[in-house]
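Student: build the 3D model from these lines:
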Amino acid sequence: MTPPEATQADQQGQAGATPPAVSLCALETLQHRRDFLKANHGRRQGTPGFLLQARKRAGDEAAPNLIRIGYTCSKKVGNAVARNHAKRRLREIARAVLPLEGKEGWDYVLIGRREVTTSRPFETLKRDLTGALGKIHGKRP
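Tutor: Model prediction:
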């Protein structure tokens with residue numbers, strides 16, 4: 001079954017049809033508290049929409065060719081619905097920006113901010129993440 005947004009050429013498999021978008025590198029989600037705590041001791045960059053924490057993994061740690069990402073929101077952000085909404089938005093900006101701007105072998109943690117993460121325009125959040133990554137990695141504009 002083809003997605004509803006597929007064009008006629010995509011459905012027929014004709015030459016010249018654009019392939020589906022794929023990620024340039026693998027993103028892995030942080031699962032363990034110890035990984036979040038390690039990122040807490042790394043570099044930090046605040047933005048109006050969220051806080052970014054980052055650290056370069058040591059050579060002996062697993063998966064040196066992956067970008068690992070974690071998301072968190074405290075109860076200050078709001079109830080469970082508000083926290084989940086904020087984390088969904090953070091997940092989407094990470095999927096859009098990190099494969100292009102992130103570095104392999106790094107762990108990143110995005111921390112949502114009260115009322116701002118859910119209300120800030122999506123494109124602005126993406127620009128915030130791009131700018132924060134540039135500052136973390138020393139590419140200042």
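Student: surely Arg95 and Leu27 touch.
Tutor: Yes: under the criterion of C-beta atoms under 8 Å, Arg95 makes contact with Leu27 at 7.0 Å. The way it works is simple: take the backbone N, C-alpha and C, and place the C-beta from them, glycine included.
Student: compare those two (neighbour count), which wins?
Tutor: Leu27 (16 against 12; other C-beta atoms under 10 Å).
Student: residue contacts, that one?
Tutor: For Leu27, the contact set (C-beta atoms under 8 Å, 6 or more residues apart in numbering) comprises Leu66, Ile67, Arg68, Ile69, Ala94, Arg95, Leu98, Pro99.
Student: same thing with Arg120?
Tutor: Counting by C-beta under 8 Å, 6+ apart, Arg120 touches Pro48, Gly49, Asp128.
Student: now that we have these, which one has the most neighbours?
Tutor: For these, neighbours tallied by other C-beta under 10 Å; top is Gly49, 27 neighbours.
Student: ramachandran angles for it?
Tutor: Main-chain dihedrals, Gly49, degrees, to the nearest 10: phi -90, psi -20.
Student: that one and Glu104, how far apart?
Tutor: 25 Å (C-beta to C-beta, to the nearest Å).
Student: now find how far off-centre the longest helix that the chain contains is within its chain.
Tutor: Longest helix in the chain, counting residues (DSSP state H): helix 80-101. Here helix 80-101 is found 6 Å from its chain centre; the criterion is C-alpha atoms, centre = their mean, to the nearest Å.
Student: isn't Lys43 up against Leu133?
Tutor: Just to correct that, residue 43 is Arg rather than Lys. No: counting by C-beta under 8 Å, Arg43 does not reach Leu133; the two are 10.4 Å apart.
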